[in-house]
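1. Here's my sequence, what's the structure:
(chains A, B, C and D)
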There are 2 protein chains.
Amino acid sequence: MEFDDKLPIYYQIKQYFYHEIIVGRLALGAKLPSVRQIAVALTVNVNTVQRALAEMETEKVITSQRGKGNFVTEDVQRVLKLKEQLIQVQLKQLYEELKALNIGDDGMVTYLKQYIEMRREND
Amino acid sequence: MEFDDKLPIYYQIKQYFYHEIIVGRLALGAKLPSVRQIAVALTVNVNTVQRALAEMETEKVITSQRGKGNFVTEDVQRVLKLKEQLIQVQLKQLYEELKALNIGDDGMVTYLKQYIEMRREND
DNA sequence: TATACTGTAATAGTTAACTAATACAGTAGT
DNA sequence: ACTACTGTATTAGTTAACTATTACAGTATA
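-> Below you'll find the predicted structure:
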């Protein structure tokens, strides 16, 4: 896994698992790999993984059970809400950034369409 | 100015001035406030400002002149290119994030339009 | 009950970003 | 020349994120 050195690793790990959960590669109630397995797989320290999972539990997306493992919540609403949150954050960021560059509402849509088209070609 | 504690301050300062330049509030060839003035205005240390400006000079968006000040480049192309870069970065981020959430090309555009509409209402 | 998994906690050390303070160097107006 | 601006450099100290290591605590299974 590649990390952006401008953002905390624990934060990026959290985001990564959130994606996995939302997309369904980690189903509701599914068991996550052990903290030690994750640490090895991502070549980071156990403590860093722990910090990411701790935040995920605070946000009630996973539940930790000592001796057993970490499990994705069974609450579908929680996951759906999480998905909407992530999307909103991204849209907000794009919107404010482009607005700060004096790009109007129509311009944003046009830019996005152009970008999508450009990606389609380069595949 | 408000800083995102997840990103380095010097980086956010750089981004801030890039916006000011692109939008034209800092014209081509214009003189920036002195590093000490900026530091006071943003309530950060002079060294942090210095680091931001140093990167801006490396990227040839400004030129520093000892004893005189920092000046925006006269090169229009440089600024236009910078603007495109910033836009691309944002579009890429949105695209990859939404793609990671299993949202297709059409979905992205729809989401953005919805978001823009939502912002229009809350103003 | 021993063994091997789990999560969790604590300690110590490293690094990057940032602050604070001081000093130095170039420019300009008096 | 003096003064007051500029940018630049250096040193020292703080903090957050991260690593490394060790230990502890709960669970499951042979």
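2. contacts and neighbour counts: CA atoms only from here.
-> Will do.
3. count of neighbours near A:E117?
-> Residues near A:E117, counting by other CA atoms under 10 Å in any protein chain shown, number 12.
4. next one: the one 5 residues further on
-> Other residues within reach of A:N122 by the criterion other CA under 10 Å amount to 6.
5. Phi and psi next, for it.
-> phi -80, psi 40 (degrees, to the nearest 10).
6. mind checking how far it is from B:I21?
-> 31 Å (CA to CA, to the nearest Å).
7. do A:T58 as well
-> 41 Å.
8. what do you get for A:V109?
-> From A:V109 to B:I21 the distance is 23 Å (CA to CA).
9. Same drill for the two, tell me which one is more crowded.
-> Neighbours were counted for A:V109 and for B:I21 using other CA under 10 Å; B:I21 has more, 22 against 17.
10. check which helix or strand covers the residue nearest in space to the middle of chain A.
-> The residue lying closest to the centre of chain A (CA atoms, centre = their mean) is A:Q15, at 2.6 Å. Using DSSP states H and E, A:Q15 falls within helix A:9-23.
11. Tell me who's in contact with the most far-flung residue of chain A relative to its centre.
-> Using CA atoms, centre = their mean, the residue of chain A lying farthest from its centre is A:N102. It sits 29.0 Å away. For A:N102, the contact set (CA atoms under 8 Å, 6 or more residues apart in numbering or on different chains) comprises B:V23.
12. Pretty sure it sits in a helix.
-> No - counting by DSSP: H, G, I helix; E, B strand; the rest coil, A:N102 is not part of a helix but coil.
13. is any part of the helix holding A:Q15 close to DNA strand C?
-> No - on the criterion CA under 7 Å from any atom of the strand, helix A:9-23 is out of touch with DNA strand C, staying 12.4 Å away.
14. got the buried residues for that helix?
-> For helix A:9-23, the neighbour count (16 or more other CA atoms under 10 Å in any protein chain shown) marks A:I9, A:Y10, A:Y11, A:Q12, A:I13, A:K14, A:F17, A:Y18, A:H19, A:I21, A:I22, A:V23 as buried.
15. Find the nearest non-adjacent residue to the fifth one, please.
-> Nearest non-adjacent residue to A:I13, counting by CA to CA, 6 or more residues apart in numbering or on different chains: A:A52, 6.2 Å away.
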